[in-house]
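Participant: missing the sequence, but the structure's below:
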DNA sequence: CCGATGTGCAACCATCGAGTTGCTGGCAAG
DNA sequence: CTTGCCAGCAACTCGATGGTTGCACATCGG
């Protein structure tokens, strides 16, 4: 199993790195809108070359956010919601964890205050 | 106001960029664990210099993930769960959107298949 | 078979970002 | 007042990354 401890490396890292780029997010949006598309098609909707798009798709594929399947001489890419969803879950969990800790610390601080100024 | 459309720039961008770095995530973890800490303190728990930590904290602050408050000659930083939570929500919504579109497209494809092979 | 179209690979360039060192300025404790 | 932390620039190095061009390879259509 992949351990997957909070802030360490892993699947989450690659997803976040992939999502950190605006062009890649636009690419995902286009893919989600069209269902399936090739690198060349996508490049026509963006101000960058086909090769640049291909590289981005490789990154997204490595992160598990998209997957490509060869059909004849072209490669159709499609979005994979599961990975994004998993990352969203991880984030929600993390935020909840922070909240828990903050609440606990605040509680301790208040207790100390009550003790100092009775 | 900041518009804040789906895949375009904005708050989400800065948060994702901030989270894309592993050192920054470790920093957040440390902060969440300790409640409050200064740049120098945090630097002692990491293999990098105080200045590097300060830069990272600046990025996290700009993204709204932490906030620092001056106490005497030192600056105490603390985690801000709200922003992370908002981003997590955004992601969940996005994943759901992808799922919706995928389902619709699949439906269309099946309909076409039924029509082609009656 | 031959041309057109789409991918993949490699080299190359420019910029960005993480990290460093070095110095200055403020605040506090002696 | 002086000494010692702590924070805040500023300049610099260097590897990662987004982007480009050029070419070779496969596949479809005539």
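Facilitator: On my side now, so go ahead. Since we're looking at a predicted model, the values are computed, not measured. Numbers count the residues shown, from 1 in each chain, chains lettered A, B, ... in the order given.
Participant: show me the shaky parts of chain A.
Facilitator: For chain A, the stretches flagged by pLDDT under 70 are A:1-9, A:109, A:112-118.
Participant: show me which residues of it sit near DNA strand C.
Facilitator: With CB under 7 Å from any atom of the strand as the criterion, chain A meets DNA strand C at residues A:38, A:39, A:40, A:41, A:50, A:51, A:54, A:68, A:73, A:74, A:75. (C-beta placed from N, C-alpha, C; glycine too.)
Participant: one more pass at 10 Å, please.
Facilitator: Contacts of chain A with DNA strand C, taken as CB under 10 Å from any atom of the strand, map to A:20-21, A:37-44, A:49-55, A:57-58, A:61, A:68, A:70-77.
Participant: in helices only, show me those.
Facilitator: Counted as lying in helices by DSSP state H, out of the residues of chain A next to DNA strand C, are A:39-44, A:50-55, A:57-58, A:61.
Participant: farthest-separated two in those residues?
Facilitator: A:44 and A:61 (20.1 Å; CB to CB).
Participant: the two: who's more crowded?
Facilitator: Neighbour count, other CB atoms under 10 Å in any protein chain shown: between residue A:44 and residue A:61, residue A:61 has more, with 15 against 10.
Participant: does chain B sit close to the helix or strand containing residue A:85?
Facilitator: Using DSSP states H and E, residue A:85 falls within helix A:81-116. Yes: contact of helix A:81-116 with chain B (CB under 8 Å from any CB of the partner chain) involves A:81, A:84-85, A:87-89, A:91-92, A:94-99, A:101-102, A:105.
Participant: tell me who's in contact with the residue of chain A found nearest DNA strand C.
Facilitator: Proximity to DNA strand C, evaluated over chain A using CB to the nearest atom of the strand, is greatest for residue A:38 at 2.9 Å. Residue A:38 sits next to A:74, A:75, A:76, A:77 when contact means CB atoms under 8 Å, 6 or more residues apart in numbering or on different chains.
Participant: now the third one: how far from DNA strand D?
Facilitator: Read that as residue A:76. From residue A:76 across to DNA strand D, the span is 12 Å (CB to the nearest atom of the strand, to the nearest Å).
Participant: and what of the second one?
Facilitator: As for residue A:75, its distance to DNA strand D is 11 Å (criterion: CB to the nearest atom of the strand).
Participant: may I have the beta-bridge partners of the nearest residue to that residue once chain neighbours are set aside?
Facilitator: In this structure, residue A:75 finds its nearest non-sequential neighbour in residue A:68, 4.6 Å apart by CB to CB, 6 or more residues apart in numbering or on different chains. Beta-bridge partners for residue A:68, by DSSP bridges, are residue A:77.
Participant: rewinding a little: of the ones in helices among the residues of chain A next to DNA strand C, select the buried ones using a ChimeraX command.
Facilitator: To isolate the buried members of those in ChimeraX, using 16 or more other CB atoms under 10 Å in any protein chain shown:
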select /A:39,41,42,43,53,54,57
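Participant: residues contacting residue A:19?
Facilitator: Residue A:19 neighbours (CB under 8 Å, 6+ apart): A:25, A:63, A:65, B:16, B:20.
Participant: repeat that for 6 Å
Facilitator: Contact analysis of residue A:19 by CB atoms under 6 Å, 6 or more residues apart in numbering or on different chains lists residue B:16.
Participant: any idea how far residue B:86 is from it?
Facilitator: 15 Å (CB to CB, to the nearest Å).
Participant: ok, of the contacts of residue A:38, which one's closest to residue A:11?
Facilitator: Taking these together and measuring to residue A:11 by CB to CB, the closest member is residue A:77, at 19.3 Å.
Participant: how far away is the closest one from residue B:94?
Facilitator: For residue A:77, the distance to residue B:94 - CB to CB - is 17 Å.
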